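Asks: below is the structure, and that's it, no one-letter string:
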């Protein structure tokens, strides 16, 4: 085919229309496919991208709710004793129950009680009769020798009094001698110089010093006058050369020569007189001081010797007193040997037996009058009842009651993680059972346990006005921390071992539009409770962090917020 024909070639019109229809059909199919692929892509994207719920980081405080079970004990307990050897009819109080003053704790068998009372009264009569007979016999023996004993006692008292007086006098004399010695010793050497001579020599020195000062002043004034005259002459005569000035000086000095010599001589004489006066004063003071020191030493030694003599006299008085008192005491013991009552073991036993039997009779009588009732002596909490109905009481039988008037004490042990939030003075609430709570109580003390350093012992004073207590109670307290800059729910925290982190939302613009991703931010937990934590680290106030996610996240993952299409 020729190129000209090829260029002029035209399709058949029917074929051209058929091709256009087919192109339109392919275009429509392509558009439908694109729509389907877009829908499929969106569906796949909604399945693979995690949906998250976020929360903005804000500041706040944490509340710690601390609760623990502990025991209640009395600050003071009273033991209610029961007569020994009596059968118990019934027990009316149980440990852990509160009682009022006068409430019946237990009943004793009245028949057994009456029988014990009759036996005790008979035994008491026998003991009293024996004690009466012994006292009468001792009175008869003592009456015959009482006069001798009285005189011996008087002699003993007189000997002690005289000896004490002698010792007192000797001690006072010794103390006076010691005081005189110390006083003289502390005063130093007493000068015995003649005050008249000393004053005269001192006055002479002062006068000579004044004369010498006057002569020196006159000599100095004369020299000043000479210098003034020389300068005046030089000025008046207009002398300028050294020779002229020297001639004037020689002339003036020659004029004043006699006066200058006389003034110099007076100064030298006054100085010699002053030195002689000072030497005389010094010599006199030296000689007088040596004489005074010798006299002082002699007097000091004499006073010390007097003190030693007084001390020997005092020791001798003590020795004499000891011998005098010893002799008088022996005489008194000899006189009282036959009449003195000796507290032997037998006497003590008899006296104690009588006293115990009297107390037993009084107790049994009181119980008998009350019909065998053993009652509470005060309001309180029954701590222990170590008996039961049908048993016989013994000497150790007693019911312990916590004295309500003295208050109670709640004690509990806490772990260090809980105790660190508490301190003395914090208010708490106690649940004492029977749907009863006591609020407004405060912590008295919280201390590290001596047995375990990770445990703290907490005590709370319960005032006497609180009633209905039992042996156990539960405490509860809420403590609010200081305000933290960043507080987040615990659900927002993640951990990969010892480190914690949160996921922070970030937005970035891409060719596909704005995309939301998450970034891992490491944080440190400052404090936490059961639902929130105070944190610090690579996250700040106001940032959005992930609270929940529909799938596990990694740093850099794309996410979609809940509610976004």
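Replies: Okay, I see it. Quick caveat: nothing in here was measured; it's all calculated off a predicted structure. Residues are numbered from 1 along each chain as shown.
Asks: any idea which helix is longest in this protein?
Replies: Counting by DSSP state H, the longest helix found in the chain is helix 257-336.
Asks: which strand in the protein has the most residues?
Replies: strand 513-528 (DSSP state E).
Asks: which secondary structure elements does that strand contact?
Replies: In this structure, strand 513-528 makes packing contacts with strand 484-489, strand 500-510, strand 532-537, strand 559-561, judged by 3 or more CB pairs under 8 Å, 6 or more residues apart in numbering; DSSP states H and E. In this view, the C-beta of every residue, glycine as well, is placed from N, C-alpha and C.
Asks: and the angle for it with strand 484-489?
Replies: In terms of direction (axes from the mean of the first three to the mean of the last three CA atoms, to 10 degrees), strand 513-528 departs from strand 484-489 by 110 degrees.
Asks: using the three-state scheme, assign residue 405.
Replies: helix (DSSP: H, G, I helix; E, B strand; the rest coil).
Asks: what about the residue nearest to it when sequence neighbours are not counted, how many neighbours?
Replies: Leaving aside its sequence neighbours, residue 405 sits nearest to residue 464 (CB to CB, 6 or more residues apart in numbering; 5.1 Å). A count of nearby residues for residue 464, using other CB atoms under 10 Å, gives 14.
Asks: what of residue 388?
Replies: Residue 388 has 10 neighbours, counted by other CB under 10 Å.
Asks: try residue 173
Replies: There are 18 residues near residue 173, going by other CB under 10 Å.
Asks: also the one 3 residues further on?
Replies: By the measure other CB under 10 Å, the count of residues near residue 176 is 13.
Asks: helix, strand or coil: sort out residue 421 for me.
Replies: Going by three-state DSSP: residue 421 is coil.
Asks: where does pLDDT dip in the stretch 201-350 of the chain?
Replies: 281, 284-294, 332-333, 335-350 (pLDDT under 70).
Asks: oh, that last question was meant for the stretch 401-550 of the chain, not what I typed.
Replies: 510-513.
Asks: surely residue 236 is within a helix?
Replies: Yes - assigned with three-state DSSP, residue 236 falls within a helix.
Asks: residue boundaries of the strands in the stretch 1-150 of the chain?
Replies: Applying DSSP state E, counting those that start in this stretch to the stretch 1-150 of the chain gives strands spanning 50-56, 58-60, 63-74, 77-81, 88-91, 98-99, 104-108.
Asks: the ones you listed: which one's closest to residue 478?
Replies: Closest to residue 478 of these is strand 63-74 (CB to CB; 5.4 Å).
Asks: list the buried residues of that closest one.
Replies: Residues 64, 66, 68, 70, 72, 73, 74 are the ones in strand 63-74 that count as buried (16 or more other CB atoms under 10 Å).
Asks: got these as JSON lines, with distance to residue 268 and pLDDT columns?
Replies: Converted to JSON lines, the buried residues of strand 63-74 look like this (distance: CB to CB, whole Å; pLDDT from 0 to 100):
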{"residue": "64", "distance to residue 268": "104", "pLDDT": "91"}
{"residue": "66", "distance to residue 268": "105", "pLDDT": "91"}
{"residue": "68", "distance to residue 268": "108", "pLDDT": "93"}
{"residue": "70", "distance to residue 268": "108", "pLDDT": "92"}
{"residue": "72", "distance to residue 268": "109", "pLDDT": "86"}
{"residue": "73", "distance to residue 268": "106", "pLDDT": "83"}
{"residue": "74", "distance to residue 268": "107", "pLDDT": "81"}
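Asks: between these, which sits nearest residue 473?
Replies: Among the buried residues of strand 63-74, and counting by CB to CB, the member closest to residue 473 is residue 72, at 5.5 Å.
Asks: distance of that closest one from residue 375?
Replies: Residue 72 sits 23 Å away from residue 375, going by CB to CB, to the nearest Å.
Asks: swap in residue 301?
Replies: 84 Å.
Asks: need the contact list for the closest residue to residue 271 other than its chain neighbours.
Replies: Of all residues not flanking residue 271 in the chain, residue 212 sits nearest, at 5.4 Å (CB to CB, 6+ apart). The neighbours of residue 212, taking CB atoms under 8 Å, 6 or more residues apart in numbering as the test, are 267, 270, 271, 273, 274.
Asks: residue 60 now?
Replies: With CB under 8 Å, 6+ apart, residue 60 has these contacts: 483, 484, 487, 532.
Asks: check it and give its pLDDT.
Replies: With respect to pLDDT, residue 60 scores 92.
Asks: and it, what are its bridge partners?
Replies: Beta bridges link residue 60 to residue 484, judged by DSSP bridges.
Asks: buried ones in stretch 516-536?
Replies: Result for stretch 516-536 [16+ other CB under 10 Å]: buried residues 516-521, 523, 526-528, 532-535.
Asks: next one: stretch 433-444
Replies: For stretch 433-444, by 16+ other CB under 10 Å, it's 438, 441, 443.
Asks: how far away from the center of its chain is the helix or strand harbouring the last one?
Replies: By that I understand residue 443. Secondary structure assigned from DSSP states H and E places residue 443 in strand 436-448. With CA atoms, centre = their mean, to the nearest Å as the basis, strand 436-448 stands 21 Å off its chain's centre.
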